[in-house]
Each structure stands twice: as structure tokens, then as C-alpha cells.
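[1] Any chance you can model this:
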Amino acid sequence: MAETSNTDVKKLTFETAIAELESIVKRLEEGKVPLEESVAIYERGEVLKKRCEELLKQAEARVEKITLDASGKPTGATPLDID
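    Numbering: from 1, shown residues only. Model prediction:
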């Protein structure tokens, strides 16, 4: 995990961020991590959680932008403007 802890969270994919977050949760649940490291990885976990939430929100917005015809079939998508 040492190499991923230096990775800019804003650049992580959802899959990478969630995998690292799961690893942090597992380590904390095991209770074998020294206090200082526990605090540091907990803080990292919070940042990763926010990244995952952000990516899920973006995906949800994209799904909501899919346009449907009168019969409910997808006909395309409108552009999504997320900063």
C-alpha cells in the first residue's frame, strides 16, 4: 500500500480507490496497526471514500442524462456538464 498512499486520489479510478479503501478497512479491523499509522490510514480512507462518492455521483448523473423515447427505449444521451 505504500506506493498507492502517495498516489493523487483525484486521479484514481473508482475500482482502484475502492480496492485501497477495502484494504484500509481490513487492516484497521485486524487491529494490528500501530496507533499513529491507524490514524494516518484512517485519514487516507476518508479521502478515498469521498473520491468513490464523487465518482458514483458522476456516474449516476450520466445515467440520468440518458434519453428515452416514448416507448422507454434509450435514444441517446445528452452532454453532461460536470466540473
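[2] ok, how many other residues are close to residue 11?
    When neighbours are counted by other C-beta atoms under 10 Å, residue 11 registers 9. Heads up, the C-betas are built off the backbone N, CA and C, glycines and all.
[3] any idea how far it is from residue 43?
    18 Å (C-beta to C-beta, to the nearest Å).
[4] longest single helix anywhere in this structure?
    helix 35-64 (DSSP state H).
[5] so what secondary structure elements neighbour that helix?
    When contacts are defined as 3 or more C-beta pairs under 8 Å, 6 or more residues apart in numbering; DSSP states H and E, helix 35-64 sits against helix 14-30.
[6] Report the buried residues of the helix it packs on.
    17-18, 20-21, 24, 27 (16 or more other C-beta atoms under 10 Å).
[7] by how many degrees do the longest helix of the chain and helix 14-30 diverge?
    Here the directions of helix 35-64 and helix 14-30 differ by 150 degrees (axes from the mean of the first three to the mean of the last three C-alpha atoms, to 10 degrees).
[8] Give the buried residues for helix 35-64.
    41, 44-45, 48, 51-52, 55.
[9] low-scoring stretches of this structure, by residue?
    1-7, 67, 69, 76-83 (pLDDT under 70).
[10] Report the central residue of it.
    residue 52 (1.6 Å; C-alpha atoms, centre = their mean).
[11] need the contact list for it.
    14, 17-18, 21 (C-beta atoms under 8 Å, 6 or more residues apart in numbering).
[12] Among these, which one sits closest to residue 68?
    The shortest approach to residue 68 among these belongs to residue 14, at 25.4 Å (C-beta to C-beta).
[13] circling back: for the buried residues of helix 35-64, give me CSV that also has distance to residue 66.
    Formatted as CSV, those follow (distance: C-beta to C-beta, whole Å):
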residue, distance to residue 66
41, 38
44, 34
45, 32
48, 28
51, 24
52, 22
55, 18
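[14] Please report the number of neighbouring residues for residue 13.
    With other C-beta under 10 Å as criterion, residue 13 counts 10.
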